[in-house]
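Visitor: Structure for this input, please:
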Amino acid sequence: MERDGQLLSARPALETEGLRYLHVTVGSLLATYGWYIVFSCILLYVVFQKLSTRLRALRQRQLDRAAAAVEPDVVVKQQEALAAARLKMQEELNAQVEKHKEKLRQLEEQKRRQKIEMWDSMQEGKSYKGTARKPPEEDSPGPSTSSVLPKRKSDRKPLRGGGYNPLSGEGGGACSWRPGRRGPSSGG
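Guide: Numbers count the residues shown, from 1 in each chain. Model (predicted):
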């Protein structure tokens, strides 16, 4: 029995000695290289996340290629739908171009009529400026900037003379500014 008691008392001593050795070894390792280990673990985690997303994307591309290779009729349908969408967009663009050309033709026709009216009024001896500012016809509804009559200027005296320029430096009276002298300041 005594022998068993010695074995039992010796065994915990060996285990505690091993734990102490492990504690000292790991503790000194962490004390010396702890921050390096932490940063390297973070770096490995980030690299692993980047690589896993790229691998998932690569697998998805391979699956898509395999699906496209297996089903060519799906690819044909996609290409036909794309061509139809392009054709529709081109037709809409052509319609817009035609509308724009028609508007330009109408504007040119209106300008031509105004020039003819102006020429006729000049031939009759009338002022051509009065006829040039006719309001537009009721054919084209919508807001127009030419229907607004210009405001007349009142006969007021101008605030300053016509030759006043604030950047010229003239006519300012006591409000003239001059830059300081260059060079070192003279002191006493």
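Visitor: Can you tell me the SS state at residue 87?
Guide: helix (DSSP: H, G, I helix; E, B strand; the rest coil).
Visitor: cool, and residue 179?
Guide: coil.
Visitor: Check the average confidence over stretch 58-78, would you?
Guide: Averaging pLDDT along stretch 58-78 gives 82.
Visitor: what does stretch 14-32 give?
Guide: 84.
Visitor: mind listing what's buried in it?
Guide: Residues of stretch 14-32 include none that count as buried (16 or more other C-beta atoms under 10 Å). Using the backbone N, CA and C atoms, a C-beta is placed for each residue, glycine as well.
Visitor: can you list contacts of that stretch?
Guide: Stretch 14-32 has contacts (C-beta atoms under 8 Å, 6 or more residues apart in numbering) with residue 37.
Visitor: And stretch 37-55, by the same measure?
Guide: residue 30.
Visitor: domain ranges for the chain?
Guide: In terms of domains, the chain is parsed into 1-69, 71-123 (source: the TED database).
Visitor: any chance of the ones you listed in TSV, plus distance to residue 180?
Guide: Listed next are the domains of the chain as TSV, based on distance: least, C-beta to C-beta, whole Å:
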stretch	distance to residue 180
domain 1-69	57
domain 71-123	59
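Visitor: closest to residue 179 out of these?
Guide: Closest of those to residue 179 is domain 71-123, at 53.9 Å (criterion: C-beta to C-beta).
Visitor: Check residue 45 and give its pLDDT.
Guide: 96.
Visitor: With respect to residue 184, which of the domains of the chain lies nearest?
Guide: domain 1-69 (54.9 Å).
Visitor: remind me which residues of this structure are low pLDDT?
Guide: For the chain, applying pLDDT under 70 flags the ranges 1-12, 68-70, 128-154, 158, 160-162, 164, 166, 169-176, 185-188.
Visitor: That one: helices as residue ranges?
Guide: Applying DSSP state H to the chain gives helices spanning 2-70, 72-124, 128-132.
Visitor: now, of those helices, which is deepest in the fold?
Guide: Ranked by mean neighbour count under mean count of other C-beta atoms under 10 Å, the helices of the chain are led by helix 128-132, which reaches a mean of 12.
Visitor: Need the helices of the chain in JSON lines (columns: distance to residue 177).
Guide: Below are the helices of the chain laid out as JSON lines (distance: least, C-beta to C-beta, whole Å):
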{"stretch": "helix 2-70", "distance to residue 177": "60"}
{"stretch": "helix 72-124", "distance to residue 177": "51"}
{"stretch": "helix 128-132", "distance to residue 177": "46"}
